[in-house]
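>>> 3D, please:
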Amino acid sequence: MVDPGDAIEKARKAVTERADLPGMSLMEHLEELRKRIIHSAMYLAAGFIVAYVVHVRLYAFVQKPLDDLHIKLNYTHPMDPLNLYLQVSLIGGAILASPFILYQVWLFIAPGLYQKEKRFVVPFMAATVGLFLIGAGFGYFFVLPGALKILIVGFGKNFNPMVTIEEYTGFFLSIILGLGISFELPILIFFLALFGLVSPRFLWKNIRYAILAVFLVAAIICPSPDIWTVCIYAVPMLALYLVGIAVAWWVHPSRKKKKEAAQA
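Model prediction:
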């Protein structure tokens, strides 16, 4: 079991080790946060406008998994088609603006990093966007079509499907965004290890809990009762956890201290 006291002690040590970095007052932090939020909102608005210009194509992209099954979306409220276009444009705009928004996030946390750690800005942005797109692509090309076939063609073959815009949009986004976010696991581990909050040994020691969590998530996003199908979804996420352990070993402060001691 994880000892909360150890986690708190590691966090305290991480903060203490960074005490020599240039400090900022509370008001300066709030001002910096406000600045980054405003800039991020501007980039998001610009991305939304660009995405709305091509909202018909974006809708066709969303509709394609159902088109392959020869099913058209239905709506029960006059605002549903407009809401669909707006939601699709917002998500598309967020993806377009994500590199710029992530850069604002980096600028906000950069004052708390050492100069040698700031070189990770380009790999951080590339890995974050890339992993999200890989996860979303995995969901769009494999998980979503498989789920629709199992639910509609399999369990629902004796019924007439009337899939509404609202229900399908929620189902679509839960899979695409859920997998896109879950594929960011190595990035989360990167920062936790960079600040000394977790170690490779800790991650490896608790891998059994990670496996359990991964299979629970896979079972939620996978509608099939077949354990082998669940494994297909779980294996990539478990592989990302192992990648995260390697990343933690690479950036953890203890490795750097051993390297400096060996060179001394």
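>>> CA only for contacts and neighbour counts going forward, please
Fine.
>>> what pLDDT does Arg57 get?
With respect to pLDDT, Arg57 scores 92.
>>> hang on, I meant Pro78
So Pro78 comes in at 90 (pLDDT).
>>> List the contacts of Phe138.
Phe138 sits next to Leu179 when contact means C-alpha atoms under 8 Å, 6 or more residues apart in numbering.
>>> Tell me which helix or strand comes right after the strand or helix carrying it.
Per DSSP states H and E: Phe138 is located in helix 121-138. Using DSSP H and E, the helix or strand that directly follows helix 121-138 along the chain is helix 144-148.
>>> for the helix holding Phe138, what is the average pLDDT?
The model assigns helix 121-138 a mean pLDDT of 87.
>>> Can you give the distance of that helix from its chain's centre?
Between the centre of helix 121-138 and the centre of its chain there are 9 Å (C-alpha atoms, centre = their mean, to the nearest Å).
>>> cool, stretch 59-76 as well?
25 Å.
>>> and the residue nearest the centre of the chain, what is it in contact with?
Most central in the chain under C-alpha atoms, centre = their mean is Ile181, positioned 1.9 Å from the mean C-alpha point. Under the criterion of C-alpha under 8 Å, 6+ apart, the neighbours of Ile181 are Phe132, Gly135.
>>> The one 5 residues further on too?
Contacts here follow C-alpha under 8 Å, 6+ apart; on that basis Pro186 touches Leu240, Tyr241, Val243, Gly244, Val247.
>>> Which pLDDT value belongs to it?
The confidence metric pLDDT takes the value 89 at Pro186.
>>> For it, identify the helix or strand it belongs to.
Assessed by DSSP H and E, Pro186 sits inside helix 185-194.
>>> Now find how far off-centre the very next helix or strand once past that helix is within its chain.
Downstream of helix 185-194, the first helix or strand assigned by DSSP H and E is helix 200-205. For helix 200-205, the gap between its own C-alpha mean and the chain's C-alpha mean amounts to 22 Å (C-alpha atoms, centre = their mean).
>>> for the record, mean pLDDT for helix 200-205?
For helix 200-205, mean pLDDT is 89.
>>> How about residues contacting it?
Ala193, Ile245, Ala246, Ala248, Trp249, His252.
>>> Would you mind measuring from the last one to Val243?
Note on His252: its distance to Val243, by C-alpha to C-alpha, to the nearest Å, is 14 Å.
>>> These two: which has the busier surroundings?
More neighbours surround His252 than the other of His252 and Val243, with 21 against 17 (other C-alpha atoms under 10 Å).
>>> That one reaches Phe191, doesn't it?
No. Using C-alpha atoms under 8 Å, His252 makes no contact with Phe191, being 9.3 Å away.
>>> Report the next helix or strand after the helix or strand harbouring Ala213 in sequence order.
Secondary structure from DSSP H and E places Ala213 in helix 207-221. Next in sequence after helix 207-221, counting helices and strands by DSSP H and E, comes helix 227-251.
>>> helices or strands up against that next one?
helix 185-194, helix 200-205, helix 207-221 (3 or more C-alpha pairs under 8 Å, 6 or more residues apart in numbering; DSSP states H and E).
>>> Just name the most buried of those helices.
Of all the helices and strands packed on helix 227-251, helix 185-194 carries the top mean neighbour count, a mean of 21, counting by mean count of other C-alpha atoms under 10 Å.
>>> what angle separates it from helix 227-251?
Here helix 185-194 runs at an angle of 30 degrees relative to helix 227-251 (axes from the mean of the first three to the mean of the last three C-alpha atoms, to 10 degrees).
>>> any idea how far helix 185-194 is from the chain center?
Put simply, helix 185-194 sits 12 Å off its chain's centre (C-alpha atoms, centre = their mean).
>>> Following the worst-scoring helix or strand of the chain on mean pLDDT in sequence, what is the next regular element?
Scoring the helices and strands of the chain by mean pLDDT, DSSP states H and E places helix 4-17 at the bottom, with a mean of 53. For helix 4-17, the succeeding helix or strand toward the C-terminus, using DSSP H and E, is helix 26-53.
>>> Fine by me, we can end here.
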